[in-house]
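Engineer: Coordinates for the following, if possible.
(one chain, ligands or ions: 3)
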Amino acid sequence: MRMKKFSVTIAGGGSTYTPGIVKLLLNNLDKFPLRQLKLYDNDKERQDIVADACEIIVKEMAPEVSFTTTTDPEEGFSDIDFVMAHIRVGKYAMREKDEKIPLKYDVIGQETCGPGGIAYGMRSIPGVLEILDYMEKYSPEAWMLNYSNPAAIVAEATRKLRPNSKILNICDMPVGIESRMAKAIGLKSRKEMDVRYYGLNHFGWWTDIRDKEGNDLKPRIIEYVKEHGYDVGDHHDASWQHTFQIAKDVQALDSETLPNTYLKYYMYGDQEVAHTDKNYTRANMVMEGREKNVFSECNRIVEAGTSEGTNLKAGDHASYIVDLARAIAYNTHERMLLIVENKGAINNFEETAMVEIPCLVGANGYEPLAQGNIPRFQKGLMEQQVAVEKLVVEAYIEKSYQKLLQALTVSKTVPNAEIAKQILDELIEANKDFWPELH
Ligand code: NAD
Ligand code: G6P
Ligand code: MN
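Structural biologist: Ligands and ions are numbered 1, 2, ... in the order given. Coordinates of the predicted model:
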């Protein structure tokens, strides 16, 4: 049987991740054949930098694949099977504010956690809804694979506001950590492991890790993490290095499970703030690092007219997105961690919470795997955090200042309501071009 060929739109075409995903898709045409690839963005100038280089890469690697770049929604979203969505509403300029404003008050300043994540959530909700609506208008049968952040808040917003939409929310952090676990104990691939995991996005724990024969791998992984965290000696970025190392302190809080690295922002917030340079945050590092490197390499490719010798690599870490598309396209029933409505999968947790749990993915979407009851430590933390996420979405829908103030106040990262209010008032001012007016 000839395999059907698919049409894919990458939304947020101007993203620093786009060249890596394009190369990844082109490297996997045998597993996931493409007939068409489109880049869509609402910033033509930015997207063109990336798109002009991608056009050369596509011509060299797979000239038979039709390649289009557009800022026109109809062109971008017509005749497609999948949207891979990685938009950043407000771009790095706003990420920098999300990080720096809370830090002024000695509060975590982070892309997806605490007040910064809340601010980004308020910007992202309308951006993701907009592209979801375009997809449904122009390609009603298509699926959106969303990894635009903050994924937890975006997922809650789409659950509430677009309950019937074909959108799957996914994060690369568990996949990345699982690769580290595999390496730590000498496996070739994370795919040699079957995992049980529960939590919220950027807020979860592994409870069971087995090899394909069913042997328990967790004790060996825990033994490694107790000493090294998730540092497997291969990450060159100093700030991630620190994150992987400090995971050992997070793990120490529950010796039975393995934590997501993002829990450090909630468990060790003060230490995190203390060693952050308030004038030079992650956004600055990314702008001067990844963004500069990717964009200058794209310019070089365009000037040379060839991608020969390029250092732009296939984003193999993003192969889970191809796995997800394949699971839907070919009904593979692959087991993957997705951010989905709880509906009893975690028995003693809120029904409507968007939780991150293993699911079997197939042509008709996902089937969640039940995780049973969770312990009080995790449950308490998750209830606090899910309240933040739900309050943000309610604040967005009701344009409610009070609910957003409650969201910041509930966040474990914020010490008290007075500081919550001060941070919120600054965030409102900084986000006036993006947020609905609150009253
Ligand atoms: P980036 O700023 O380089 O790229 C984002 C692009 O989105 C920009 O070109 C911007 O113009 C575009 N954009 C913004 N609003 C848009 C809209 N309404 N419609 C269309 N395009 C729009 O950002 P990046 O660092 O490459 O990250 C992209 C996104 O992917 C972010 O949301 C980031 O948090 C997310 N991300 C998620 C994961 C995950 O695990 N879930 C992993 C990596 C990155
Ligand atoms: C991980 C997370 C993403 C997040 C990214 C930030 O991959 O899962 O959700 O966007 O880290 O990375 P950065 O290099 O932009 O700080
Ligand atoms: Mn993530």
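
Engineer: Residue of the stretch 1-150 of the chain nearest ligand 3, please.
Structural biologist: The nearest approach of the stretch 1-150 of the chain to ligand 3 comes at Asn149, 6.2 Å away (CB to the ion). C-betas here are computed from N, CA, C, even on glycine.

Engineer: Remind me which helix or strand that residue belongs to.
Structural biologist: Remark: Asn149 resides in no helix or strand, with elements defined by DSSP states H and E.

Engineer: How about it: what's its closest non-neighbour residue?
Structural biologist: Leaving out its chain neighbours, the residue that sits closest to Asn149 by CB to CB, 6 or more residues apart in numbering is Thr112, at 5.2 Å.

Engineer: State the three-state secondary structure for the one you found.
Structural biologist: coil (DSSP: H, G, I helix; E, B strand; the rest coil).

Engineer: if you look at stretch 91-106, does any of it touch ligand 2?
Structural biologist: No: judged by CB under 6 Å from any ligand atom, stretch 91-106 stays clear of ligand 2, getting no closer than 8.0 Å.

Engineer: which residue ranges form the strands in the stretch 151-300 of the chain?
Structural biologist: Assigned by DSSP state E, counting those that start in this stretch, the stretch 151-300 of the chain shows strands spanning 167-169, 193-200, 203-211, 258-259.

Engineer: And the helix or strand encompassing Tyr120, how far out from the chain middle?
Structural biologist: If you go by DSSP H and E, Tyr120 is part of helix 114-138. Helix 114-138 has its C-alpha centroid displaced from the chain centroid by 13 Å (CA atoms, centre = their mean, to the nearest Å).

Engineer: just stretch 380-398 next, same as before
Structural biologist: Centroid separation for stretch 380-398 versus its chain: 18 Å, with CA atoms, centre = their mean.

Engineer: Get me the contact residues on the chain for ligand 1.
Structural biologist: When proximity is defined by CB under 6 Å from any ligand atom, the chain lies next to ligand 1 at 11-12, 14-17, 41-43, 46-47, 86-89, 91-92, 111, 127, 130-131, 147-149, 151, 171-173.

Engineer: wait, is Val361 part of a strand?
Structural biologist: Yes: Val361 forms part of a strand when assessed by three-state DSSP.

Engineer: got a list of what the residue lying closest to it once chain neighbours are set aside touches?
Structural biologist: Excluding the flanking residues, the one nearest Val361 by CB to CB, 6+ apart is Ala327, at 3.8 Å. With contact taken as CB atoms under 8 Å, 6 or more residues apart in numbering, Ala327 is in contact with 333-334, 336, 361-362.

Engineer: Skipping its backbone neighbours, what lies nearest His86 in space?
Structural biologist: Nearest non-adjacent residue to His86 (CB to CB, 6+ apart): Gly12, at 4.4 Å.

Engineer: Kindly report the same for Asp79.
Structural biologist: Spatial nearest neighbour of Asp79, chain neighbours left out: Ser7 (5.8 Å); criterion: CB to CB, 6+ apart.

Engineer: mind checking which helix or strand the residue nearest to Val361 is in?
Structural biologist: helix 319-330.

Engineer: distance of the residue of the chain at minimum distance from ligand 1 from ligand 2?
Structural biologist: In the chain, the residue that lies nearest ligand 1 is Gly14 (2.6 Å; CB to the nearest ligand atom). The gap separating Gly14 from ligand 2 is 15 Å, by CB to the nearest ligand atom, to the nearest Å.

Engineer: For the residue in the chain positioned nearest to ligand 2, give me the pLDDT.
Structural biologist: Scanning the chain for proximity to ligand 2 using CB to the nearest ligand atom identifies Met173 as nearest, at 3.5 Å. On pLDDT, Met173 comes in at 97.

Engineer: same deal with Ala238?
Structural biologist: pLDDT at Ala238 comes out at 88.

Engineer: let's have the chain start at 373 instead
Structural biologist: Taking 373 as the first residue, the last one we looked at is Ala610.

Engineer: How many residues are close by it?
Structural biologist: 9 (other CB atoms under 10 Å).

Engineer: repeat for the one 5 residues further on
Structural biologist: Neighbour count for Thr615, taken as other CB under 10 Å: 20.

Engineer: these two touch, right, it and Pro631?
Structural biologist: No: Thr615 lies out of contact with Pro631 (CB atoms under 8 Å); the separation is 11.5 Å.

Engineer: before we move on, the earlier item: near ligand 3, anything from the helix or strand just after the helix holding Tyr492?
Structural biologist: Using DSSP H and E, the next helix or strand after helix 486-510 towards the C-terminus is strand 515-518. No: using CB under 5 Å from the ion, strand 515-518 stays clear of ligand 3, coming no nearer than 11.0 Å.

Engineer: What strands line up against strand 515-518, and which way round?
Structural biologist: In the sheet, strand 515-518 lines up against strand 454-457 (parallel), strand 539-541 (parallel) (DSSP bridges).

Engineer: Find the nearest non-adjacent residue to Tyr570, please.
Structural biologist: Distances taken as CB to CB, 6+ apart put Gln743 closest to Tyr570, at 4.4 Å, once the chain neighbours are dropped.

Engineer: just checking, that neighbour touches Arg568?
Structural biologist: Yes: between Gln743 and Arg568 a contact is recorded at 6.7 Å, counting by CB under 8 Å.

Engineer: pLDDT wise, what is the residue lying closest to Glu427 once chain neighbours are set aside at?
Structural biologist: Distance criterion CB to CB, 6+ apart; nearest residue to Glu427, sequence neighbours excluded, is Phe439 at 5.6 Å. Predicted confidence (pLDDT) at Phe439: the value is 98.

Engineer: what's the answer for the one 10 residues further on, then?
Structural biologist: We note a pLDDT of 99 for Phe449 in this prediction.

Engineer: Low-confidence ranges, the stretch 373-522 of the chain, go.
Structural biologist: For the stretch 373-522 of the chain, the stretches flagged by pLDDT under 70 are 373-374.

Engineer: Look through this protein and state the residue closest to ligand 3.
Structural biologist: Of all residues in the chain, Cys543 sits closest to ligand 3, at 3.4 Å by CB to the ion.

Engineer: I'd say that residue and Ile711 touch.
Structural biologist: Yes: the pair Cys543 and Ile711 passes the contact test of CB under 8 Å, sitting 6.8 Å apart.

Engineer: Can you check which residues contact both of these two?
Structural biologist: Counting by CB under 8 Å, 6+ apart, the residues touching both Cys543 and Ile711 are 523, 573, 728.

Engineer: Would you enumerate the residues in contact with the second one?
Structural biologist: Right, the one you point to is Asn573. If you count contacts by CB under 8 Å, 6+ apart, Asn573 has them with 484, 522-524, 527, 541, 543, 711, 726, 728.

Engineer: Serialize the residues you listed to CSV and add fields for distance to Lys560 and neighbour count.
Structural biologist: Below are the contacts of Asn573 laid out as CSV (distance: CB to CB, whole Å; neighbours: other CB atoms under 10 Å):
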residue, distance to Lys560, neighbour count
Thr484, 31, 23
Pro522, 33, 27
Ala523, 28, 26
Ala524, 32, 31
Ala527, 32, 28
Asn541, 29, 24
Cys543, 23, 24
Ile711, 28, 26
Met726, 33, 27
Glu728, 25, 26
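
Engineer: Appreciated, that's everything.
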